[in-house]
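J.: Structure here, sequence nowhere to be found:
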């Protein structure tokens, strides 16, 4: 279900008709400069929650933070969400938030062969997201 397009195609046609959110896989200095970092905001809200309740609270925390960002923003630095203790599908969480308010994502990991990856094999926070299972567009 997920779709992959090149940066060139994206620049040529824009985001019209693409599945949201749009995920930028790879460094884009211009986008990174203007993207909104989420780690501090997420951590600041999580610190008030009991550790056993944090996974449950994350969707509302993300929705609250996303509601406050400017229209058509890009987000970055949300690594705190990948904490294995939370046992959440980070990509699904961001897709759900994007349905309420559109934003783009600067992926903090890598992309290869239709899969988004976070961290490296052997680490407890290592995750692979098969794009066939998600309605997103990856710009590679």
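T.: Happy to help now that I have it. No experiment lies behind these values; they were computed from the predicted model shown.
J.: residue farthest from the centroid of the chain?
T.: Distance from the C-alpha centroid of the chain, by CA atoms, centre = their mean, peaks at residue 50 (24.1 Å).
J.: quick one: it from residue 126, how far?
T.: Counting by CB to CB, to the nearest Å, the gap from residue 50 to residue 126 is 26 Å. Yep, even glycine has a C-beta here, placed from its N, CA and C like the rest.
J.: Next: residue 32.
T.: As judged by CB to CB, residue 32 and residue 126 stand 23 Å apart.
J.: What of residue 135?
T.: Per CB to CB, residue 135 is found 23 Å from residue 126.
J.: Could you do residue 101 as well?
T.: According to CB to CB, residue 101 and residue 126 sit 29 Å apart.
J.: swap in residue 2?
T.: Computed with CB to CB, the distance linking residue 2 and residue 126 is 20 Å.
J.: Ok, residue 3 next?
T.: Applying CB to CB to residue 3 and residue 126 gives a distance of 24 Å.
J.: list the buried ones in stretch 83-98?
T.: 83, 86, 88, 90, 91, 93, 94, 95, 97, 98 (16 or more other CB atoms under 10 Å).
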